[in-house]
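Take this sequence and fold it.
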Amino acid sequence: MGISKKDLTIVIVTFQSENVIDDCINSIDNNFPIIVVENSSNSNFKKQIEKKFNNVKCILTNENLGMGRGNNVGIKNSSSNYVLIINPDTILYKDTISELISTSNKIDFSILSPLSDNKNYPNYKGVNSEDGDLIDVDHVDGYSMLINKSKFNNQYFDEEIFMFLENNDLCKRMKIRKEKIFISKNAKIKHHGGKSVDFKKDLEIEVLRNWHWMWSKFYFKKKYRGFIYAFFSFLPSLLTTSL
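Purely as a prediction, here's the structure:
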């Protein structure tokens, strides 16, 4: 069974995303409910965005939960069976959602993603097969993921991963369970890349990004290959850093 227009919610996790969020929401058909999960206690942001867009509900987390936990908040607060997760620095084409809905009616999937409009930066890896407008893949980038909630048993993003590789982990768990992940070539999306947060507002964020990138890689390897493999994989980097 595919998606109906009444059974889809858009989830967007934000943190200091005022510079891009309006363009993102304006690219979405206002007939779809949108849950914005703001990773802060910024009540002014909540008031302004809910006043500006009548289809938007903004949830304040009162702390920075990261991307995975933030997305989980949005998913679990949605009443629909399907959730389209997008980053605030993405722009949908006019027919992106309608193409995703059309494609969903033809397939059984756990994750379905539109195709990046930048051919130099594909948003997928591990092509298993191509059939018409569909690409069967192992992994899609986290900035746009249509989630079929019935496939996840209420276990979505691993909340031990603050940011980076949370989408890799989600896709890997689905593939281990023999669930399907697809790219719809007829549905397009624009991703500005690295614009979700205005880093000029907080220079410490860049340092945190680097730390979380290292931690996420270590955690991901430990989760799937064991502690010893992860430790020795990172030992050269640790020694270099300490010198």
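
Do you have the strands of this structure handy? List them.
Shown for the chain, the strands assigned by DSSP state E span residues 8-14, 34-38, 56-60, 82-86, 90-92, 111-116, 124-131, 134-140, 144-148, 181-191.

how about those strands, which one is nearest residue 100?
Nearest of the strands of the chain to residue 100, taken as Cβ to Cβ: strand 181-191 at 4.8 Å. Heads up, the C-betas are built off the backbone N, CA and C, glycines and all.

Can you lay out the strands of the chain as JSON lines showing distance to residue 50 and mean neighbour count?
JSON lines is the format used below for the strands of the chain (distance: least, Cβ to Cβ, whole Å; neighbours: other Cβ atoms under 10 Å):
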{"stretch": "strand 8-14", "distance to residue 50": "13", "mean neighbour count": "25"}
{"stretch": "strand 34-38", "distance to residue 50": "9", "mean neighbour count": "23"}
{"stretch": "strand 56-60", "distance to residue 50": "5", "mean neighbour count": "18"}
{"stretch": "strand 82-86", "distance to residue 50": "18", "mean neighbour count": "24"}
{"stretch": "strand 90-92", "distance to residue 50": "20", "mean neighbour count": "22"}
{"stretch": "strand 111-116", "distance to residue 50": "26", "mean neighbour count": "26"}
{"stretch": "strand 124-131", "distance to residue 50": "34", "mean neighbour count": "12"}
{"stretch": "strand 134-140", "distance to residue 50": "30", "mean neighbour count": "20"}
{"stretch": "strand 144-148", "distance to residue 50": "23", "mean neighbour count": "25"}
{"stretch": "strand 181-191", "distance to residue 50": "25", "mean neighbour count": "21"}
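
Of those strands, which is nearest residue 75?
strand 82-86 (5.2 Å).

by how many degrees do that closest one and strand 181-191 diverge?
Per axes from the mean of the first three to the mean of the last three Cα atoms, to 10 degrees, the angle that strand 82-86 makes with strand 181-191 is 40 degrees.

Point out the other elements, helices or strands, that strand 82-86 touches.
Other helices and strands packing on strand 82-86, by 3 or more Cβ pairs under 8 Å, 6 or more residues apart in numbering; DSSP states H and E, are strand 8-14, helix 66-76, helix 96-104, strand 144-148.

what residues does the helix ranked longest in the chain touch?
Longest helix in the chain, counting residues (DSSP state H): helix 204-225. The set of residues external to helix 204-225 that reach it, using Cβ atoms under 8 Å, 6 or more residues apart in numbering, is 66, 158, 160-166, 168-169, 172, 197, 199, 229-231, 233-234, 237.
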